[in-house]
Each structure stands twice: as C-alpha cells, then as structure tokens.
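Engineer: output the structure for:
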Amino acid sequence: MNSIKQYIQQNEKRILFELFGLLEIPSVSSLEKHKPDMYKAAEYWQNQLLNIGCKNTQVLETEGNPVTYGEIILDASYPTVLVYGHMDVMPVDPLELWHTSPFKPVLKDGKIWARGADDDKGQSFMHAKAVEYLMTNNLLKCNVKFLIEGEEEIGSPNLEAFITQHKNLLKADVILVSDTGMIDDETPAVTVGLRGLCYWQVEVTGPNRDLHSGLFGGAVANPINTLCQLIAKCTDSTNRITVPGYYDDVRELSTDERAKLNNAPFNKQKYMDGIQVKELQGEEGYSTLERTGIRPSFDVCGIWGGYTGEGAKTVLPSKAFAKISSRLAPYQDYKKLEKSFQDFFTSIAPPSVSVKVEALHGGKPYECPTDVSAYLAAAKACKDVFGKEPVPVRSGGSIPIISTFESILGIKSILMGFGLESDAIHSPNENFPLKNFKNGIETIIRFYQHFQEE
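Structural biologist: Coordinates of the predicted model:
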C-alpha cells in the first residue's frame with residue numbers, strides 16, 4: 001500500500017488532468033447562457049464519482065440548475081459523511097484583468113490558475129480524490145454521500161426544496177465541506193461560524209423620464225442624489241446600522257469568547273497592505289476579527305443610474321438603482337431583517353421620489369461547537385498534516401445552505417477549507433496553490449480515519 005503522499009505524487013498528473021477538465025467548463029450559474037454548461041458540469045461530476053466507486057450516481061433536477069449525487073454505502077453500522085460542494089462559479093468580468101484565460105486552467109508558479117480553482121471546484125475535487133485513495137487501498141470505514149449543487153453562487157435558491165424532498169436520501173451523521181480557508185499556508189483552520197446574509201436591490205424613481213439637468217436641475221429631485229442620501233442614513237457615525245431593531249437578536253459574545261476569537265493569528269498591517277488601504281473602518285468597540293466574524297455589516301455592492309458613457313451628457317436621470325448586502329451575526333433572522341430594511345428604507349424616502357425595495361436572496365448564520373466528534377476528527381487530521389491544531393475561526397462570509405442543512409437534516413457541518421486570501425476568489429486571476437490542494441486531499445483522508453474512530 002502506498003502512503004498518502006506517495007499516492008498523491010504518483011497520481012498527480014492524472015488528478016490535475018481530471019480537475020482541469022472540470023475547470024474548463026464555464027459553469028457560471030448567474031448567466032442564463034451558461035445553463036447548458038451547468039448540465040455539462042453535473043455530468044462531469046457524475047463520471048468522476050463513478051470512477052472513484054460511487055453507486056447510485058444521479059444528475060437530479062431542481063427548479064433551477066441540476067444537482068449531482070453519488071454514494072458509497074459499505075456497511076449500515078458505519079458512520080455516514082455527506083460531502084457538500086458546488087460546481088457553479090462566479091462570472092469572470094472584467095476579463096481584461098485576467099493574466100490567463102479563466103476557463104483554460106494552467107499550473108504556473110506552484111498555483112492552479114482558473115475560475116473555480118479554489119471556489120469551489122478545486123476544493124470539492126479534493127474530496128473525490130481523498131475517497132479515491134481510501135477506496136483504492138480498502139481503508140474506507142465510513143459511508144460517503146456526495147451532493148454537488150449548481151446554484152451556490154446565486155444563493156442556492158432551489159436547494160432547500162431539494163433537501164426537503166430528498167431528506168431520506170441525504171441522511172447522514174455529519175456534513176463535510178471545503179469552501180472556506182486557512183489562516184495562512186502553514187496554519188489550518190476549521191470554520192465554526194458563518195455570518196448570515198440579506199441582499200436587496202433598491203430602485204428610486206423621480207420624474208417620468210430623463211430630464212435636461214440645466215432646465216430642471218435644482219427644481220426636481222435627482223434619484224441618484226436621493227439614493228445616496230438614503231443609503232447614508234442607514235449607518236451612523238459609529239458605523240452601526242440604523243435600521244430599527246437590527247441588533248435585537250444579535251448574540252453578544254462573552255468576554256472569554258471574544259478573547260479566544262482575538263487569539264487567532266492576525267497581522268493588521270499585513271491585512272491592510274494586502275488590500276492596499278491605509279486605515280481600517282468598522283463598528284466602534286470591536287476588533288477587525290470581531291467585525292468580520294460576529295457583527296452585522298452593511299455594504300453597497302453596486303450603484304448605477306443616469307449617463308455613464310464616454311464624455312458628458314447633462315441629464316437628470318429618471319431612476320437610480322443599488323444592490324445592498326448585509327452580513328448577519330449569530331441568531332439574526334434574515335427574513336425578519338429583510339422586511340425591517342424594506343420598511344425603513346421606504347419610510348425615510350422623501351415624497352419627491354418613489355422607492356421600491358426587493359429582497360433578492362438571503363440565509364441564516366451558522367455556528368458549530370468545537371466539542372463534537374466530527375470537529376475533533378478534523379482537528380486531529382489537521383494536526384497530522386500541518387503539525388498544529390487548527391484555529392477555530394468565525395468567517396465573515398456566508399454559505400446560506402449550511403444553516404438550511406441543519407434545520408432540515410438535523411446535523412452539523414464541518415467547514416474544513418484550504419483556501420487563502422491571495423487565491424482571489426470571485427475576482428480576476430483566481431488561483432489555488434498546488435501545495436494546499438495536495439495537503440487538502442491528505443487532511444480529508446485523515447479526517448475519515450479519525451472520524452471512524454471517534
């Protein structure tokens with residue numbers, strides 16, 4: 001029997017070839033023109049699962065994009081691990097900022113360069129290769145189920161109904177996910193908290209048509225000006241959100257919990273240098289790790305209206321738009337806050353404009369204790385590979401379906417990711433270090449070995 005490292009090294013060329021085949025598929029879930037690519041990715045995943053020994057592999061329909069399912073059921077007495085990942089990726093714009101073609105993966109400078117290299121094709125593919133090793137060497141003592149979806153990047157709008165419909169099929173003891181990151185390439189992490197999410201689009205309408213800014217400017221409300229004023233009223237001088245009741249359900253961590261959170265390795269200067277800013281900003285009274293892990297946030301993700309083309313056009317626009325997101329702290333209810341923001345935003349609008357607020361998607365926060373058997377197995381696996389215990393981190397990001405899994409299936413998820421901040425997920429030049437990819441495969445293998453013992 002080959003050691004894990006030997007196996008990965010001997011099969012590296014083939015494994016990367018198989019991964020690159022997946023990365024070449026432009027499975028952008030937010031663009032309708034890529035709908036056929038979603039099915040192509042689903043079928044590719046089905047073949048990969050068949051190759052590692054999965055039975056009952058299926059491409060299953062939802063109201064939106066398909067889901068790929070496969071299972072290895074070895075013994076009813078074994079614990080069952082449900083592996084969750086997603087095959088869809090973010091759009092690649094602006095294309096001119098890419099140094100390589102986003103859907104022509106390359107291995108360069110020790111990194112895999114492609115859209116989805118980290119998020120989440122590369123990370124989810126590690127799980128397939130880990131199970132491949134265990135099956136090849138007859139070492140798997142767990143039942144394994146794979147659920148690879150195609151709508152995570154648009155908020156998984158159809159997966160809740162799918163999970164509810166297939167509750168018995170997805171029955172498991174734990175969910176294992178790699179869609180998060182490490183502290184750095186030497187310091188592993190297990191994410192024990194995810195922020196929830198609210199996401200709205202707002203539309204402000206003034207006159208019934210675009211107007212001449214000379215003839216009407218100063219006499220008629222400009223929707224873009226008004227929109228900016230309304231957005232400014234949503235936070236105060238201490239960077240707290242001003243929507244009434246917004247903090248009612250926020251769980252305030254104890255002094256001890258906050259101290260443990262702030263013990264995570266964090267270099268403020270390096271953090272600022274990495275994004276080229278000279279100062280950080282956020283809610284007063286909280287550290288950067290607290291602001292991004294346990295506190296709500298409010299951000300304008302896009303704003304537009306009027307004339308934005310080359311040169312000048314003196315126009316007072318009829319409409320202005322913005323996309324706004326709010327990350328939620330533990331125990332906040334995104335459905336409740338969707339309405340709270342809608343009511344507040346419309347209430348502060350002047351009568352000179354009309355306002356429409358639409359909730360696009362959202363999700364609940366998630367927390368996982370560090371004393372459950374699956375976390376302990378993950379911690380041991382990380383120590384085996386990296387020589388140190390993982391840092392339990394609270395991520396500023398959101399994976400809305402994780403809390404949905406818990407509410408419907410009644411089981412916890414272990415978020416054991418291997419990405420880095422420098423991987424540029426969602427941005428041009430997304431990449432994934434080959435070292436992390438291989439360490440991830442080994443750590444996942446070790447997880448199964450420890451989990452079956454736990």
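Engineer: hey, let's count contacts and neighbours off CA atoms from now on
Structural biologist: Fine.
Engineer: give me the contacts around the helix or strand bottoming out on mean pLDDT in the chain.
Structural biologist: Across the helices and strands of the chain, the lowest-confidence element by mean pLDDT, DSSP states H and E is helix 255-262, at a mean of 88. Outside helix 255-262, the residues within contact range by CA atoms under 8 Å, 6 or more residues apart in numbering are Ser287, Leu289, Glu290, Val393, Arg394.
Engineer: want to throw those into TSV with neighbour count and distance to Gln123?
Structural biologist: What follows is the contacts of helix 255-262, written out as TSV (neighbours: other CA atoms under 10 Å; distance: CA to CA, whole Å):
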residue	neighbour count	distance to Gln123
Ser287	15	30
Leu289	21	24
Glu290	20	26
Val393	23	18
Arg394	23	19
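Engineer: Ile15: which of the residues you listed is nearest?
Structural biologist: Val393 (30.0 Å; CA to CA).
Engineer: element containing that closest one, please.
Structural biologist: Following DSSP states H and E, one finds Val393 within strand 391-395.
Engineer: and that strand, what other elements does it pack with?
Structural biologist: Using 3 or more CA pairs under 8 Å, 6 or more residues apart in numbering; DSSP states H and E, the elements in contact with strand 391-395 are strand 189-194, helix 288-293.
Engineer: what do you get if the cut-off is 6 Å, keeping everything else the same?
Structural biologist: With contacts taken as 3 or more CA pairs under 6 Å, 6 or more residues apart in numbering; DSSP states H and E, strand 391-395 sits against strand 189-194.
Engineer: I'd like to know which elements the strand it packs on is packed against.
Structural biologist: Strand 189-194 is packed against strand 366-367, strand 391-395, with contacts defined by 3+ CA pairs under 6 Å, 6+ apart.
Engineer: who does the longest one pair up with?
Structural biologist: Strand 391-395 pairs in its sheet with strand 189-194 (parallel), by DSSP bridges.
Engineer: same check, this time on the shortest one
Structural biologist: Pairing partners of strand 366-367, with direction, according to DSSP bridges: strand 189-194 (antiparallel).
Engineer: pull the residues that contact the strand it pairs with.
Structural biologist: Under the contact criterion CA atoms under 6 Å, 6 or more residues apart in numbering, strand 189-194 has outside partners 182, 365-368, 390-395, 398, 415-416.
Engineer: need the residues you listed in CSV (columns: pLDDT).
Structural biologist: Converted to CSV, the contacts of strand 189-194 look like this (pLDDT from 0 to 100):
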residue, pLDDT
Met182, 95
Pro365, 93
Tyr366, 93
Glu367, 91
Cys368, 92
Pro390, 95
Val391, 92
Pro392, 92
Val393, 92
Arg394, 91
Ser395, 89
Ser398, 84
Leu415, 97
Met416, 98
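Engineer: most neighbours, which of those residues?
Structural biologist: Among these, the one with the most neighbours (other CA atoms under 10 Å) is Met416, at 29 neighbours.
Engineer: what comes up buried for the lengthiest helix in the chain?
Structural biologist: For the chain, the longest helix by residue count, based on DSSP state H, is helix 434-453. By neighbour count on 16 or more other CA atoms under 10 Å, the buried set for helix 434-453 is 434, 436-452.
Engineer: same question, stretch 255-275
Structural biologist: Of all the residues in stretch 255-275, those buried under the rule 16+ other CA under 10 Å are Arg258, Leu261.
Engineer: what angle do the host helix or strand of Ala322 and strand 189-194 make?
Structural biologist: In this structure, Ala322 sits in strand 319-328 according to DSSP H and E. Going by axes from the mean of the first three to the mean of the last three CA atoms, to 10 degrees, strand 319-328 is angled at 110 degrees with respect to strand 189-194.
Engineer: please name the nearest non-neighbouring residue to Glu152.
Structural biologist: Spatial nearest neighbour of Glu152, chain neighbours left out: His86 (6.2 Å); criterion: CA to CA, 6 or more residues apart in numbering.
Engineer: the protein: helices as residue ranges?
Structural biologist: Counting by DSSP H, the helices of the chain are 4-10, 12-23, 35-51, 121-136, 159-165, 213-216, 223-232, 255-262, 268-275, 288-293, 334-347, 373-386, 400-409, 434-453.
Engineer: out of those helices, deepest packed?
Structural biologist: helix 121-136 (a mean of 23; mean count of other CA atoms under 10 Å).
Engineer: so what touches it?
Structural biologist: The contact list for helix 121-136 (CA under 6 Å, 6+ apart) reads Ile52, Gly85, Met87, Leu140, Ser178, Ile441, Ile445.
Engineer: top of the residues you listed by number of neighbours, please.
Structural biologist: Met87 (32 neighbours).
Engineer: I figured that residue was touching Gly150, is that so?
Structural biologist: Yes - at 5.3 Å, Met87 counts as touching Gly150 under the criterion of CA atoms under 6 Å.
Engineer: angle of the least confident helix or strand of the chain against strand 391-395?
Structural biologist: Using the same axes, to 10 degrees: helix 255-262 against strand 391-395 is 90 degrees.
Engineer: rewinding a little: got the helices and strands packed on strand 189-194 as a markdown table, with distance to Leu170 columns?
Structural biologist: Formatted as a markdown table, those follow (distance: least, CA to CA, whole Å):
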| stretch | distance to Leu170 |
| --- | --- |
| strand 366-367 | 20 |
| strand 391-395 | 26 |
